[in-house]
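# Show me how the following folds:
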Amino acid sequence: MKLETLSCRRRVALLLDYLDRELPGPERKLLARHRAACRSCASLLTTLERTVRTLRALKRASKPPASARRALAASLRNID
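Below you'll find the predicted structure:
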């Protein structure tokens with residue numbers, strides 16, 4: 001499958017791989033060029049980038065303190 005011949009709809013499936021830097025170099029460059037030329041894909045990618053950043057921040061912020069994790073682990077060890 002050649003990236004340069006894909007419709008925008010098909011490219012959307014590759015955007016998360018693009019964000020995670022999992023696309024091979026040539027495909028990454030083609031998608032970056034498409035992003036620069038296609039307002040719709042650029043907007044979608046910007047939204048996905050914000051969503052990923054927000055979810056990662058929430059994941060870090062929601063981690064309970066070490067003391068709470070130790071207390072929970074101790075409680076679980078005491079369950080018969």
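# in this protein, which spans are helices?
Counting by DSSP state H, the chain forms helices over residues 8-19, 25-37, 39-61, 66-77, given from the N-terminal end onward.
# got the ones you listed as TSV, with mean pLDDT columns?
Compiled in TSV, the helices of the chain are given as follows (pLDDT from 0 to 100):
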stretch	mean pLDDT
helix 8-19	76
helix 25-37	87
helix 39-61	86
helix 66-77	82
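# The ones you listed into JSON lines, with extra columns for mean neighbour count?
All C-beta spots, glycine's among them, are computed from the backbone N, C-alpha and C. Listed next are the helices of the chain as JSON lines, based on neighbours: other CB atoms under 10 Å:
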{"stretch": "helix 8-19", "mean neighbour count": "14"}
{"stretch": "helix 25-37", "mean neighbour count": "14"}
{"stretch": "helix 39-61", "mean neighbour count": "12"}
{"stretch": "helix 66-77", "mean neighbour count": "9"}
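# Quick check: the residue nearest to Val52 when sequence neighbours are not counted vs Arg60, distance?
Counting by CB to CB, 6 or more residues apart in numbering, Leu19 is the residue found nearest to Val52 once chain neighbours are left out, at 6.0 Å. Here the criterion is CB to CB, to the nearest Å. By it, Leu19 lies 18 Å from Arg60.
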